[in-house]
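[1] Could you look at this predicted model? Sequence included:
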Amino acid sequence: MPSQLDAVLGWGIAVIGLGAVAAAARQVVKAALSNPIPYDKKVELEDKYGRWAVETAIGVCPHNDIR
């Protein structure tokens, strides 16, 4: 009986840990893929400065600092 309880407890902890890792990964992916600039404004900036410059500025500047 104690070995079965240990196995269930071990699997339960593993599932909870996996859920925590998945939640953290979701937050990282969401932050990485979010675009702080509206599409039409981004197209306008790409026409003016080039795609590389706009993507670099988005990657380097803090979020919500559109200026």
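    That came through fine.
[2] Could you pull out the helices in this structure for me?
    Applying DSSP state H to the chain gives helices spanning 2-33, 39-49, 51-60.
[3] could you dump the ones you listed to JSON lines with mean neighbour count and mean pLDDT?
    For every residue, glycine as well, the C-beta is placed using N, CA and C. Formatted as JSON lines, the helices of the chain follow (neighbours: other CB atoms under 10 Å; pLDDT from 0 to 100):
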{"stretch": "helix 2-33", "mean neighbour count": "9", "mean pLDDT": "88"}
{"stretch": "helix 39-49", "mean neighbour count": "12", "mean pLDDT": "90"}
{"stretch": "helix 51-60", "mean neighbour count": "12", "mean pLDDT": "85"}
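[4] Now do P36 against V60, distance only.
    12 Å (CB to CB, to the nearest Å).
[5] again with A7
    Distance of A7 to V60, computed by CB to CB: 49 Å.
[6] Show me the domain layout of the protein.
    Domain ranges of the chain: 1-34, 35-67, per automatic domain parsing.
[7] Tell me the gap between the last one and the middle of its chain.
    Its chain's C-alpha centre and that of domain 35-67 lie 18 Å apart, by CA atoms, centre = their mean, to the nearest Å.
[8] and what of the first one?
    A distance of 18 Å separates the centroid of the chain from that of domain 1-34, by CA atoms, centre = their mean.
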